[in-house]
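> structure, please.
(chains A and B)
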Amino acid sequence: MVQTFSVWLHSTRLSWAVAGGVPWIWPLCETLHFMGLALLVGIVGVLDLRMLGMAKGLPIGPMQRLMPFAIVGFTVNMVTGFLFFAGDPFQYIHNVAFAFKLLFIGLAGVNAILFYVTGLYRRVDGVGAGHDAPPAAKLVAALSLFLWVGVMYWGRMLPFIGNAF
Amino acid sequence: MSFLASIENTALATWVRESGSLLAYPAILFLHTVGLGFLVGLNAAIDLRILGAARRLPLAPMESFYRIMWAGFWVNATSGTLLLMADATTKLMNRVFYIKMTFVFLAVLNMVLIRRRVFRDPAIDTARVAGFGRALAVTSLLFWAGAITAGRLMAYFGPVSGAPGLQNKIP
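Presented below is the predicted three-dimensional model:
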């Protein structure tokens, strides 16, 4: 199924354009992918570090109001990431680093969803300046940091452990 | 042998480029990415806050981000030097590299200025950040965006970068 989808995707004009048919698209998407990375990792990272006890002078509630920018970064990276995939699906579908990257993104997503649905989000929202986040939030924060750094690791390993580029 | 070639031929540069170890070129490139994420991401968080995002967030305690931002900077200065040594004859001949360094220099200078002008202002958090501080937040975002763009484009302009098999896609 993945193979069939990839064959179809590769035959589209979009794939042709991204893969070099329109020469600027790939480098432009790479640039946007790294800007998205910085926004996502910087904002999620600093929120995680605060929950773990760094920069305790910051109340966590107002800090969470920066999250929409992290979501913008994530969205930019989903779109540009899909475009890379469309441009050359075959360098990704048999690539073990790509599989791990998707797995880590999925786990980071589950971790974030659990943070919201378990009500931990609301408990943390009330943690003011100088106060500690509950232990459960620290666990979520540590996992989040590990998983997002892991996503960067697997992304960087696409050409080295896998066969991309 | 030229100066650049002699850098590229040192044992360290050769190991980074040719050892095939995951701890060499791949790990150094990974560290360069993590450093970028924290250095630029935290700068962006401060800039966005200065420009009015998350208004209820006090700005003053954000000064502690500087420790992480400097850590990110030094990780990237070190990893960047190693990556540069490994491909000295191509990267140091690449005009885009010098554009990147100019943006990084301006962005770091901007970061220091924000600390002096915004964080050292005794009136911080009593009023909206003044015009000059807001202008610094805008230039910070622009300089970092420029540094990232030039960094990415190094692989597409001029001599090809060190990643094995990478194609130069801009003619």
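> got any ranges where chain B has weak pLDDT?
B:1, B:159-171 (pLDDT under 70).
> show me what the longest helix along chain A packs onto, helices and strands only.
Scanning chain A for the helix with the most residues, using DSSP state H, yields helix A:25-51. When contacts are defined as 3 or more C-beta pairs under 8 Å, 6 or more residues apart in numbering or on different chains; DSSP states H and E, helix A:25-51 sits against helix A:60-63, helix A:67-87, helix A:135-156, helix B:25-50, helix B:65-86, helix B:131-153. C-beta here means a position set from N, CA and C on the backbone, and glycine is covered the same way.
> turn those into a markdown table, columns for mean neighbour count and distance to B:Phe3.
A markdown table is the format used below for the helices and strands packed on helix A:25-51 (neighbours: other C-beta atoms under 10 Å in any protein chain shown; distance: least, C-beta to C-beta, whole Å):
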| stretch | mean neighbour count | distance to B:Phe3 |
| --- | --- | --- |
| helix A:60-63 | 20 | 49 |
| helix A:67-87 | 18 | 37 |
| helix A:135-156 | 19 | 30 |
| helix B:25-50 | 22 | 22 |
| helix B:65-86 | 18 | 12 |
| helix B:131-153 | 19 | 24 |
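> tell me which of those helices sits nearest to B:Pro122.
Closest of these to B:Pro122 is helix B:131-153, at 13.3 Å (criterion: C-beta to C-beta).
> list the contacts of that closest one.
Helix B:131-153 is contacted by residues A:27, A:30-31, A:34-35, A:38, B:36, B:40, B:43-44, B:46-48, B:50-51, B:96-97, B:99-100, B:103-104, B:106-107, B:110-111, B:113-114, B:117-118, B:121, B:129, B:170 when judged by C-beta atoms under 8 Å, 6 or more residues apart in numbering or on different chains.
> chain B versus the residue lying closest to A:Met157 once chain neighbours are set aside, what's the distance?
Counting by C-beta to C-beta, 6 or more residues apart in numbering or on different chains, A:Ala97 is the residue found nearest to A:Met157 once chain neighbours are left out, at 4.2 Å. Note on A:Ala97: its distance to chain B, by C-beta to the nearest C-beta, to the nearest Å, is 10 Å.
> how about the contacts made by A:Ala97?
With contact set as C-beta under 8 Å, 6+ apart, A:Ala97 has these partners: A:154-155, A:157-158, A:160-162, A:164.
> verify the stated contact: B:Met111 with B:Met69.
Yes: between B:Met111 and B:Met69 there is a contact at 6.6 Å, judged by C-beta atoms under 8 Å.
> residues shared between the contacts of those two?
By C-beta under 8 Å, 6+ apart, the residues touching both B:Met111 and B:Met69 are B:Asn43.
> can you name the residue of chain B nearest chain A?
B:Gly41 (1.2 Å; C-beta to the nearest C-beta).
> just give the number of residues close to the residue nearest to that residue when sequence neighbours are not counted.
The spatially closest residue to B:Gly41, leaving aside those adjacent along the chain, is A:Gly42, at 1.2 Å (C-beta to C-beta, 6+ apart). Applying other C-beta atoms under 10 Å in any protein chain shown, we find 29 residues neighbouring A:Gly42.
> how near is A:Gly42 to B:Val75?
Per C-beta to C-beta, to the nearest Å, A:Gly42 is found 14 Å from B:Val75.
> what does A:Pro23 give?
A:Pro23 sits 33 Å away from B:Val75, going by C-beta to C-beta.
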